[in-house]
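Q: This is a predicted model, with the sequence first.
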Amino acid sequence: MSDSKICVGAIAGAFGVKGEVRLKSFCADPAAIAGYAPLTSEDGSRRFTLTLGQPISSGFAARIDGIATKEAADALRGVRLYAERSALPELPDDEFYHADLIGLTVLDTGGATLGRVRAVLNHGAGDILEIAAPGLPDAVLLPFTLDAVPTVDVAAGRIIADPPEGLFSQSPDPEPDPA
């Protein structure tokens, strides 16, 4: 994926029987996705011009030029939509596009490497960094808060973290149930 594109949404399948799609927007202002057109698929091979319809659960009903049937709309299920970075607004110093955080090295406040950001998740209560930590079998989930992540330096490719104690240590196997 090119650094010049940012994922701004995804198609969740058909909405109705006349070719509309269920559209999930990943934008801070969900309706802003329509203004970033034309959107492309991840590999850039497909272009999408869309018109937002009514708000629905988890997004919008939307029309995509050239899609006229439920079957064609369903065939787009799972397609992630990308916009040119240049079409997106500049962010304040304390805000970041998720794409800019993925791949950054995570260091503790003493300078020791904790791992690398694999993904940025949000399940409704705020952003969480998924960090691949060397020597740990599972990813570590670090809240993306000012307390836990006091410094983000995208230009230097690093994040300074102050994680809760024990978060980056391997937990012992649970004791077997004596029953």
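A: Arrived safely, thanks for sending.
Q: low pLDDT regions in this structure?
A: Per-residue confidence for the chain (pLDDT under 70) gives these ranges: 1-3, 170-179.
Q: tell me the domain ranges of it?
A: Using automatic domain parsing, the domain ranges for the chain come out as 5-87, 98-161.
Q: Highest mean neighbour count out of these?
A: Burial of the domains of the chain is given as mean neighbour count (mean count of other CB atoms under 10 Å); domain 5-87 ranks first at a mean of 17. Heads up, the C-betas are built off the backbone N, CA and C, glycines and all.
Q: gap between that one and the chain center?
A: Relative to its parent chain, domain 5-87 has a centroid offset of 15 Å by CA atoms, centre = their mean, to the nearest Å.
Q: same deal with stretch 73-91?
A: 11 Å.
Q: now the end-to-end length of that stretch.
A: Start and end residues of stretch 73-91 are separated by 33 Å (CA to CA, to the nearest Å).
Q: Okay, helices next: where are they in the chain?
A: 70-74, 98-101 (DSSP state H).
Q: export those to JSON lines and tack on distance to residue 129?
A: Shown next, in JSON lines, are those (distance: least, CB to CB, whole Å):
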{"stretch": "helix 70-74", "distance to residue 129": "34"}
{"stretch": "helix 98-101", "distance to residue 129": "7"}
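Q: out of those helices, nearest to residue 4?
A: Nearest to residue 4, of all the helices of the chain, is helix 98-101, at 10.4 Å by CB to CB.
Q: If you count contacts, what does that closest one end up packed against?
A: Here helix 98-101 touches strand 5-15, strand 113-122, going by 3 or more CB pairs under 8 Å, 6 or more residues apart in numbering; DSSP states H and E.
Q: let's go with 7 Å and repeat that
A: Secondary-structure packing of helix 98-101 (3 or more CB pairs under 7 Å, 6 or more residues apart in numbering; DSSP states H and E): strand 113-122.
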